[in-house]
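Q: pasting the sequence and the predicted coordinates here, then a few questions.
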Amino acid sequence: MSVTLIIIILTVGISIYAWSNEDLLRNWIFHPFSVNKNHQYYRFVTSGFLHADWMHLFFNMLTLYFFGEMVETVFIYHYGPQIGIFLYLLIYLGGMIVADLPSYIKHKKDYDYRALGASGAVSAIIFSSILFNPTREICLYAFLCMPGFVFGLLYLIYSYYQSKQMGDNINHDAHLYGAIFGFILAIFLVPGSFGSFVQQIAQWGIF
């Protein structure tokens, strides 16, 4: 069983359990005020295994399923099973942590602010995948398809714009910083990946 599937199973199980266990939800959710006051740094990670509802959970885990195993395979190919899996988890869990840092800085004195979900970690995996295979098509709503590098650019622009609007309850900062983290770290972890990224785009059919 792949690490990606193990993460999905754990996340689904914990999320469902937390929906009926308020103590777990309260103790694991990302709460910058508690992190700052009580040094509960574990919340950077535990909150990534919680989700608000079925739709939130389904979308994140389906996306992770589609992109995660490809990224996991790349790391195992370059480094072998043990180190490869460690580096894959570094991308995933690191994206989870880095994605929440802007929210922590903004809201560490705001008692009412809370966040949850694996969106930052999943964004890190998506953008690692785009680095490795930038011309692979990504489809939105099953019919609007585009090369990964085009999707990635639009995703960054949209996330940045929405993070400034603060008009919904989605943590767009987590999407933005998780994506950037995953892309940059993958460049350093897989030698030659950025050169290959540029070459694949240069050879893409439209050119």
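A: Yes, it's here.
Q: tell me the helices and strands packed up against the strand or helix carrying Phe59.
A: In this assignment (DSSP states H and E), Phe59 forms part of helix 54-79. Using 3 or more Cβ pairs under 8 Å, 6 or more residues apart in numbering; DSSP states H and E, the elements in contact with helix 54-79 are helix 3-19, helix 81-107, helix 119-132. (Glycine included, C-beta is placed from N, CA and C.)
Q: so which bits of that helix are buried?
A: Residues of helix 54-79 classed as buried by neighbour count (16 or more other Cβ atoms under 10 Å): 56-57, 60-61, 63-64, 67-69, 71-72, 74-76, 79.
Q: so of these, which two are at opposite extremes in space?
A: His56 and Tyr79 (32.3 Å; Cβ to Cβ).
Q: circling back: now the helices and strands packed on helix 54-79 as CSV including mean pLDDT?
A: Output for the helices and strands packed on helix 54-79, formatted as CSV (pLDDT from 0 to 100):
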stretch, mean pLDDT
helix 3-19, 97
helix 81-107, 95
helix 119-132, 96
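Q: which one of those lies nearest to Trp204?
A: So among the helices and strands packed on helix 54-79, helix 119-132 is nearest, using Cβ to Cβ, at 12.9 Å.
Q: beyond that closest one, next helix or strand please.
A: Toward the C-terminus from helix 119-132 - assigned by DSSP H and E - lies strand 137-140.
Q: now do that next one: distance to the chain's middle.
A: 17 Å (Cα atoms, centre = their mean, to the nearest Å).
Q: tell me which residues in the next helix-or-strand element following that strand are buried?
A: Next along the chain after strand 137-140, taking DSSP H and E as the criterion, comes strand 144-147. Within strand 144-147, the residues scored as buried using 16+ other Cβ under 10 Å are Pro147.
Q: who does strand 144-147 pair up with?
A: If you go by DSSP bridges, strand 144-147 pairs up with strand 137-140 (antiparallel).
Q: who touches the partner strand?
A: When contacts are defined by Cβ atoms under 8 Å, 6 or more residues apart in numbering, strand 137-140 is touched by residues Cys145, Met146, Pro147, Gly148, Phe151.
Q: give me the nearest residue to the fourth one, chain neighbours excluded.
A: Translated: Gly148. Spatial nearest neighbour of Gly148, excluding adjacent residues (Cβ to Cβ, 6 or more residues apart in numbering): Ile130 at 4.1 Å.
Q: OK, contacts around the one you found?
A: The contact partners of Ile130, taken as Cβ under 8 Å, 6+ apart, are Arg136, Gly148, Phe149, Phe151, Gly152, Phe183.
Q: with Tyr155 instead?
A: Contacts of Tyr155 were listed using Cβ under 8 Å, 6+ apart, and they are Ile126, His175, Ala179.
Q: now the residues you listed in TSV, with neighbour count and distance to Phe49?
A: Shown next, in TSV, are the contacts of Tyr155 (neighbours: other Cβ atoms under 10 Å; distance: Cβ to Cβ, whole Å):
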residue	neighbour count	distance to Phe49
Ile126	27	18
His175	23	18
Ala179	26	20
